[in-house]
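Asker: Sequence first, then the predicted structure, then my questions.
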Amino acid sequence: MGTAGNAAMSRPHRRVSVCFRAFPATRWVAAARYTAHMSSSAPARILVVDDDPALRDLLAEYLDANGFAVEAVGDGAAMRRALGQGMPDAIVLDLMLPGEDGLSLARDLRTHSAVPILMLSARGEEIDRVVGLEVGADDYLAKPFGPRELLARLRALLRRASGSAHSNAVTAKSADEQATERRFGPFVLDLEAHRLLRAGVEVRLTGAEFDLLRIFTERPNRVLSRDDLVDRLKGFARDPFDRSIDIRVTRLRRKIETDPAAPAYVRTIRGEGYLFNPRGEAT
């Protein structure tokens, strides 16, 4: 493992360079271990799936040093075997894997699990991010990336998945915000159990989808701009060209709307943002 200030690893056939910019590798792992030692909480279980052995080992070591329980594998088959032993709390999944790629694995996983997925890829174009998010990834991180950014994004996903992400602002909460259940149409959003029911049957949501719906139900019949939603969703950076919010709205509509092309609950207000109508009146 190198110790240069901009430690880098590359894989020639992919032309990927993953830079850990903040510290030499030995120093940031040591610093992370000190931080992890200060926490007594049970470690979250992370599954790392990447076919680059050097990167895979470095990610596993870094996350382990930050207090996570890490299992690292190199391909889709090994990932499926690991999942057969128990579902982790989050998955760090490389897009370009030998055999079955990350998109296919994420798409299949979403048919039966809402486990948070952080997708990694050397391909950072918008279309690649859009496709990754469309198939079910909760976040997308382009290589090269810094270890602190990876850690921040992963922690944000875990907070959303556990329903423990709360605003630090001390403000008076409305009755809608204080309620533990929010009802609209045939749906019940249970904030304590962190699930959505439709006529008593659970509708599987990812952590990001749940948080987005929670925000909408807190502010019914109000227009929320994309910036408003970004501000309220932890772990999102403000980027005027990023369509991540729109993608998440599209995914949410597929799960709650009778006709996602003519939404009755989450309506688009052109040029302004989105409006949640709990009465389910289509426009």
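Answerer: Yep, it's here.

Asker: tell me the contacts of Phe68?
Answerer: Counting by Cβ atoms under 8 Å, 6 or more residues apart in numbering, Phe68 touches Pro43, Ala44, Arg45, Ile46. C-beta coordinates here come from the backbone N, C-alpha and C atoms, glycine included.

Asker: ok, the third one - contacts?
Answerer: By that I understand Arg45. Phe68, Ala69, Val70, Glu71, Gly86, Pro88, Asp89, Ala90.

Asker: Name the nearest residue to the fifth one, ignoring sequence neighbours.
Answerer: Read it as Gly86. Sequence neighbours aside, Arg45 is the residue nearest to Gly86 in space, at 7.8 Å (criterion: Cβ to Cβ, 6 or more residues apart in numbering).

Asker: Please name the nearest non-neighbouring residue to Ala199.
Answerer: Pro186 (4.8 Å).

Asker: Could you give the number of residues near the one you found?
Answerer: Pro186 has 12 neighbours, counted by other Cβ atoms under 10 Å.

Asker: One more: Thr206?
Answerer: Thr206, neighbours per other Cβ under 10 Å, totals 24.

Asker: and it, what does it touch?
Answerer: Neighbours of Thr206 in contact, by Cβ under 8 Å, 6+ apart: Arg110, Ala114, Pro116, Gly136, Asp138, Ala161, Arg251.

Asker: Of all pairs in those, which one is the farthest apart?
Answerer: Ala161 and Arg251 (15.4 Å; Cβ to Cβ).

Asker: out of the contacts of Arg45, which are inside strands?
Answerer: The strands, defined by DSSP state E, take in Ala69, Val70, Glu71, Ala90 from the contacts of Arg45.

Asker: Give me the buried entries from those.
Answerer: For these, a neighbour count by 16 or more other Cβ atoms under 10 Å gives the buried set as Val70, Glu71, Ala90.

Asker: so what's the first one up against?
Answerer: Read that as Val70. Arg45, Ile46, Leu47, Val48, Leu59, Ala60, Leu63, Asp64.

Asker: Columns secondary structure and distance to Leu103 on top of these, output as CSV?
Answerer: As requested, the contacts of Val70 are exported to CSV (DSSP: H, G, I helix; E, B strand; the rest coil; distance: Cβ to Cβ, whole Å):
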residue, secondary structure, distance to Leu103
Arg45, strand, 23
Ile46, strand, 20
Leu47, strand, 17
Val48, strand, 17
Leu59, helix, 20
Ala60, helix, 23
Leu63, helix, 23
Asp64, helix, 27
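
Asker: Would you mind writing the ChimeraX command to select the buried ones in the residues you listed?
Answerer: Here is the ChimeraX selection string for the buried members of the contacts of Val70, based on 16+ other Cβ under 10 Å:
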select :46,47,48,59,60,63,64
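
Asker: Among the contacts of Val70, which one lies nearest to Ser225?
Answerer: Of all the contacts of Val70, Ile46 has the smallest distance to Ser225: 33.5 Å, by Cβ to Cβ.

Asker: Output the below-cut-off pLDDT ranges for the stretch 101-250 of the chain.
Answerer: Along the stretch 101-250 of the chain, segments meeting pLDDT under 70 span 124-125, 163-179, 234-242.
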